Each structure stands twice: as structure tokens, then as C-alpha cells.
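Chemist: attaching a predicted model along with its sequence, questions to come.
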Amino acid sequence: MTEPIRETPDERFRRILREYGPALSRLASGYERVESVREELMQEISLAIWQALPHFRGECSERTFVYRIGHNRGLTHACRRRPAHEAIDELPAPLEPVDPKPHPDDQIARRQERGRLRAAIQELPLTYRQVVMLMLEDLSQAEIAEVLGLTEGNVAVRMNRARKALKEAMGERA
């Protein structure tokens, strides 16, 4: 019986960035609105993953491990961010492909609604924004709790409060 081929550290790092890079970019956008600074944050996250990979012991899923690093770097970034970075730059364009079937007016309306939702998410307190961004990446409540170092009950409370705040924000803008 042959032993399975193992990834080299470089191969593993590249695979992780391929698999989780888009999601980490969206996570970074939850912490930073300015595109150029968001790119710097992504570099910090990538470097932190590279440095942490040799220490990964498999006590959690690789996905949770990567999101935890992204969350920690994002939180560090948010805590040290200067007020000069608070100015809103252009929000990122939607990352998902545009469906060619809908009418162009419908596409515009959906794009504007997504923009309103992204802006409303950006206005949430950081503790709620973190939970929402991870939920939007399809992490389970248990995974979110592990990434953020919270109990599942606390995650549920934050999510309910975030939903309520988003509903109010979206209703005010309607």
C-alpha cells in the first residue's frame, strides 16, 4: 500500500489561497472599505496564513483555521486603523457573475440593492459585522463560534441583533 502524496508547504499555501482567497477578500472588505488598504490587509492575512501553516495541528478544520487567521488580522487591523481610513472609498463591485438572463433594469435594481445591503453591513458595529460576514461565507454557527472564540449562543444573539439592525437600516433607506 502506497502512502498518499503530501503537499509541500508551498503547494498547500497556494491551494489555500486558491480555495479561500475570494472568501478572505470578502471578509477583508468587512473590515476595510478603502480598496488599497483592503489589499494591504489581504497581504497581511496571506502572510499570517503562511507563517501559521507549519503550526497547524488539525485540531479544527482547515477552513476554520484560515477564517480564524483572517478574522484575527482583520480585528487587529480594525483596532489600529486611523480615522483617515474611515472615509468611504468606492464599495467593491459584486464578486458573483451577473446572470445574463434578467432584463438590464432588473440587473441594475439588484446591483443597487446589493450595494445598499453592503453599505448597511458596513455600518453595523464590528461585533455584528463579523458574524454577518462569516455567515455570508456559509460558515455554520458552530464554525463562527470557533472562529470568533464565542459560544454558539452568543453567535445566535449577535446574528439576531445584526439581522434586526439590517432590517431597520434597509427599511430606513427604502
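Modeler: Looks like it came in fine.

Chemist: return the helix or strand in the chain with minimum mean pLDDT.
Modeler: When the helices and strands of the chain are scored by mean pLDDT, DSSP states H and E, helix 104-123 comes last with a mean of 80.

Chemist: any buried residues in that one, and which?
Modeler: 117-118, 120-121 (16 or more other Cβ atoms under 10 Å). (Each C-beta comes from the backbone N, C-alpha and C, glycine too.)

Chemist: what packs against the next helix or strand after that helix?
Modeler: Scanning forward in sequence from helix 104-123 by DSSP states H and E, the next helix or strand is helix 126-136. Applying 3 or more Cβ pairs under 8 Å, 6 or more residues apart in numbering; DSSP states H and E, we find helix 126-136 packed against helix 9-31, helix 62-80, helix 104-123, helix 141-148, helix 152-173.

Chemist: out of these, which gets nearest to W50?
Modeler: helix 9-31 (5.5 Å; Cβ to Cβ).

Chemist: show me which positions of the very next helix or strand once past the closest one end up buried.
Modeler: Counting by DSSP H and E, the element after helix 9-31 in chain order, helix or strand, is helix 35-52. Residues 37-38, 41-42, 44-46, 48-50 are the ones in helix 35-52 that count as buried (16+ other Cβ under 10 Å).

Chemist: then stretch 138-150?
Modeler: Neighbour counts over stretch 138-150 (16+ other Cβ under 10 Å) mark 139, 141, 143-148, 150 as buried.

Chemist: pLDDT added to those residues, as JSON lines?
Modeler: What follows is these, written out as JSON lines (pLDDT from 0 to 100):
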{"residue": "L139", "pLDDT": "91"}
{"residue": "Q141", "pLDDT": "93"}
{"residue": "E143", "pLDDT": "92"}
{"residue": "I144", "pLDDT": "93"}
{"residue": "A145", "pLDDT": "93"}
{"residue": "E146", "pLDDT": "92"}
{"residue": "V147", "pLDDT": "91"}
{"residue": "L148", "pLDDT": "91"}
{"residue": "L150", "pLDDT": "93"}
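
Chemist: ok, and the closest non-adjacent residue to the residue most central in space within the chain?
Modeler: In the chain, the residue lying closest to the centroid (Cα atoms, centre = their mean) is L27, at 1.6 Å. Once flanking residues are discounted, L27 sits nearest to G70: 4.9 Å by Cβ to Cβ, 6 or more residues apart in numbering.
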